[in-house]
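J.: I'd like to go over a predicted model; first the sequence, then the structure.
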Amino acid sequence: MLEGEIILLWPILLPLVAGAILPFIKSFQNRRICNWFVGSIVVITFGFVLTAAFGTQKTLIIWNLTKDIPIYLKLDAVGKLFYVLTALMWIPVSFYSFEYMKHEEREVRYYSFFLLTLAVLLGISSAGNLITMYLFYEGMSLSTLGLIIHNQSKEAVAAGHKHIFYSIGGALLGLFGFFFVYNYGTTLEFLPGGVLDPIKISGQEPLLLIVFFFMIIGFGSKAGMFPLHGWLSAAHPVAPAPASAVLSGNITKMGVLAIIRIVYYIAGVSFLRETWVQYALITFTLITVFMGSMLAYKERELKKRLAYSTVSQVSYVLFGISLMNPIGLLGALLHVVYHSIVKNTLFLTAGTFIYQTGKRMVIQLKGIGKQMPITLWCFTLVSITLVGIPPTSGFVSKWYLASGAIEQRIPYIWWFGPVILLISALLTAGYLLSITVKGFFPEKEEEKLKESSLMTIPILCLTVVAILLGMFPNYLIDYINRAITIIFC
């Protein structure tokens, strides 16, 4: 029986039902009807999301799994950030898909999984307790599998196997921790400062540190954190470009959100700070930042290069989380937003290059700026943002990440962390802006191609948003600061 604000259910239920019925209605085999239906569902869902996110805190108990374990939705300030961001990014990617998927088979099935994935991501963002988040998290592993194996090639199926192994294996580590939280905590809800009972945990601290470490590693697999990062580089080259966009820009952020919930809302900063768990997490994130950048720099296949870039950039976020101070968390949450917008844009531009020319290798993109100037200009502008050149949004988030490391004064990390971030930024410039240089300054003139407006308009819109957020970041900073104040109060 539903108890609470029913508006929290509609953003999940609408795309869930729509995605489930899509393959079974014959009229949706007509591309025009299918596109109108999917576009309408995504836009209406965004309207429901804004309605749910606006105003006071809302809660909804969907049903009680047991007497004291409800399946429970609750929107807090941090959840709203991921909630609105997810629904917003689905709009331009959807409209881009209407053109891109023309050359793909099994369109209806793609849109079915596309809508189902939106539903479960909104469920994770609005989950009010650990078990609810876990159920939606497992749903995400299954729905994204359909996007990864879409073309059913041998490589796609292999990537799907790797993805499901990493995702479900990681989630099971989270489920393992659930039993300890249930036994040693006061509640399964997400409460700022943590839920551990001081009396129950007395003498059990070493055991619980191990438990939380494995929970963080498990959920970190979805965020692409070392050592469970391998699925990203396998999945992106085989998935359709719009699926790659949301995989990188939004689905990896659910791993980030899960880690935030564990660190700040379940274990609590006071329990984890200055322990081996914090130091191990910082170490893994810095390894991932550097390793991802190096692999991206060496990679010659465009989408795989962007996949390794995601491995690196999402660990910028995890580094900020692992600092466990307000400035570091501010930088992390800012980078969640900025990276989502930028990486969606980069994958959409990569998809446009592939769609128009069939070229997948970086070396084949020489002169692409002469053929497709608007697309490459968008690629260039968001690449500059990802590098972090002022006054772009990437500079803002990385400034706070470096400041958080310096403020925390962890031995060696306070200076070594910012150095790694700087080296990664230089490598980012190398693997992205080199494409721009070769694209705009070819050895010979290339014939200009006609750029599709249905694909170019979403890319332009995302590029403008990325630029504006760098020029006018204060509203977002103020919102995140208010959310962080609640966590550290």
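T.: Yep, that arrived.

J.: distance of residue 262 from residue 194?
T.: As judged by C-beta to C-beta, to the nearest Å, residue 262 and residue 194 stand 10 Å apart. In short, each C-beta sits where N, CA and C put it, glycine included.

J.: name the helix or strand of this protein that has the lowest mean pLDDT.
T.: Taking mean pLDDT, DSSP states H and E as the measure, the chain has strand 3-4 as its least confident helix or strand, at a mean of 58.

J.: ok, then the element right after that strand?
T.: helix 10-21 (DSSP states H and E).

J.: buried residues, whichever helix or strand comes after that following helix. List them.
T.: Later in the chain than helix 10-21, the nearest helix or strand by DSSP H and E is helix 31-53. For helix 31-53, the neighbour count (16 or more other C-beta atoms under 10 Å) marks 34-35, 37-39, 41-42, 45-46, 48-49, 52-53 as buried.

J.: any idea of the mean pLDDT in helix 31-53?
T.: For helix 31-53, the mean per-residue pLDDT is 92.

J.: now that helix against helix 10-21, angle please.
T.: Following axes from the mean of the first three to the mean of the last three C-alpha atoms, to 10 degrees, one obtains 160 degrees for the angle between helix 31-53 and helix 10-21.

J.: picking up where we left off before, what would the buried residues of helix 31-53 look like in CSV with distance to residue 241?
T.: As requested, the buried residues of helix 31-53 are arranged in CSV below (distance: C-beta to C-beta, whole Å):
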residue, distance to residue 241
34, 19
35, 17
37, 21
38, 16
39, 18
41, 21
42, 17
45, 22
46, 21
48, 27
49, 24
52, 30
53, 29
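
J.: between these, which is nearest residue 71?
T.: Of all the buried residues of helix 31-53, residue 52 has the smallest distance to residue 71: 16.9 Å, by C-beta to C-beta.

J.: how many neighbours does the residue nearest to the closest one when sequence neighbours are not counted have?
T.: Nearest non-adjacent residue to residue 52, counting by C-beta to C-beta, 6 or more residues apart in numbering: residue 7, 4.8 Å away. For residue 7, the count of nearby residues is 18 (other C-beta atoms under 10 Å).

J.: and the gap between residue 7 and residue 139?
T.: In terms of C-beta to C-beta, residue 7 sits 21 Å off from residue 139.

J.: which stretches in this protein count as strands?
T.: With DSSP state E, the ranges of strands along the chain come out as 3-4, 59-66, 69-74.

J.: which strands and helices lie in contact with the second one?
T.: If I follow you right, that is strand 59-66. Counting contacts by 3 or more C-beta pairs under 8 Å, 6 or more residues apart in numbering; DSSP states H and E, strand 59-66 packs against strand 3-4, strand 69-74.

J.: what pairs with it, parallel or antiparallel?
T.: Taking DSSP bridges as the criterion, strand 59-66 forms sheet pairs with strand 3-4 (antiparallel), strand 69-74 (antiparallel).

J.: what residues sit buried inside that strand?
T.: Neighbour counts over strand 59-66 (16+ other C-beta under 10 Å) mark 59, 60, 61, 62 as buried.

J.: contacting residues around stretch 480-489?
T.: Contacts to stretch 480-489, defined as C-beta atoms under 8 Å, 6 or more residues apart in numbering, come from residues 76-78, 81, 192-193, 264-265, 269, 326, 329-330, 333-334.

J.: what sits against residue 174?
T.: Applying C-beta under 8 Å, 6+ apart, we find residue 174 in contact with 134, 137, 215, 218, 219, 258, 262.

J.: you'd agree the last one is up against residue 214?
T.: No. Contact between residue 262 and residue 214 fails when scored by C-beta atoms under 8 Å: they sit 10.4 Å apart.

J.: which residues do those two both contact?
T.: residue 177.

J.: looking at the two, which one has more neighbours?
T.: Between residue 262 and residue 214, counted using other C-beta under 10 Å, the more crowded position is residue 262 (28 against 17).

J.: buried ones in stretch 94-108?
T.: Across stretch 94-108, burial judged by 16+ other C-beta under 10 Å covers 94, 95, 96, 97, 98, 99, 100, 101, 107, 108.

J.: could the residues you listed go into JSON lines alongside pLDDT and distance to residue 245?
T.: Shown next, in JSON lines, are those (pLDDT from 0 to 100; distance: C-beta to C-beta, whole Å):
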{"residue": "94", "pLDDT": "94", "distance to residue 245": "11"}
{"residue": "95", "pLDDT": "92", "distance to residue 245": "12"}
{"residue": "96", "pLDDT": "93", "distance to residue 245": "8"}
{"residue": "97", "pLDDT": "91", "distance to residue 245": "9"}
{"residue": "98", "pLDDT": "90", "distance to residue 245": "14"}
{"residue": "99", "pLDDT": "88", "distance to residue 245": "14"}
{"residue": "100", "pLDDT": "87", "distance to residue 245": "10"}
{"residue": "101", "pLDDT": "86", "distance to residue 245": "13"}
{"residue": "107", "pLDDT": "85", "distance to residue 245": "17"}
{"residue": "108", "pLDDT": "87", "distance to residue 245": "20"}
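
J.: including distance to residue 29, could these go into TSV?
T.: Shown next, in TSV, are these (distance: C-beta to C-beta, whole Å):
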residue	distance to residue 29
94	19
95	20
96	21
97	16
98	15
99	18
100	18
101	13
107	9
108	7
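
J.: out of those residues, which one sits closest to residue 457?
T.: Residue 457 lies nearest to residue 95 out of those, by C-beta to C-beta, at 7.4 Å.

J.: just to check, the closest one is in contact with residue 456?
T.: No. Residue 95 lies out of contact with residue 456 (C-beta under 8 Å); the separation is 10.9 Å.

J.: can you tell me how far residue 84 is from residue 49?
T.: Distance of residue 84 to residue 49, computed by C-beta to C-beta: 6 Å.

J.: try residue 426
T.: From residue 426 over to residue 49 the distance is 38 Å, taken as C-beta to C-beta.

J.: list the contacts of stretch 359-369.
T.: So stretch 359-369 is contacted by 237, 299-303, 305, 353-354, 357, 375-377, 434-436, 438-446 (C-beta under 8 Å, 6+ apart).

J.: ends of that stretch, how far apart?
T.: Using C-alpha to C-alpha, to the nearest Å, the end-to-end distance of stretch 359-369 comes out at 13 Å.

J.: buried set for that stretch?
T.: 360, 362, 365, 366, 367, 368, 369.

J.: kindly reformat the residues you listed as TSV containing distance to residue 130.
T.: Below are those laid out as TSV (distance: C-beta to C-beta, whole Å):
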residue	distance to residue 130
360	41
362	42
365	45
366	51
367	52
368	47
369	49
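
J.: got the contact list for residue 146?
T.: Shown in contact with residue 146 (C-beta under 8 Å, 6+ apart): 109, 110, 112, 113, 116.

J.: hang on, the first one packs against residue 24?
T.: No. With contact defined as C-beta under 8 Å, residue 109 does not reach residue 24; the gap is 11.1 Å.

J.: between those two, point out the one with more neighbours.
T.: A direct count of neighbours by other C-beta under 10 Å for residue 109 and residue 24 places residue 109 higher, at 14 against 9.

J.: once you drop chain neighbours, what's closest to the more buried one?
T.: In space, and not counting its chain neighbours, residue 109 is closest to residue 23: 5.9 Å by C-beta to C-beta, 6+ apart.

J.: ok, residue 460 next?
T.: Using C-beta to C-beta, 6+ apart, the closest residue to residue 460 is residue 378 (6.3 Å).

J.: neighbours of the one you found, just the number please.
T.: With other C-beta under 10 Å as criterion, residue 378 counts 24.

J.: quick one, what contacts it?
T.: Residue 378 makes contacts with 345, 349, 459, 460, 462, 463, as judged by C-beta under 8 Å, 6+ apart.
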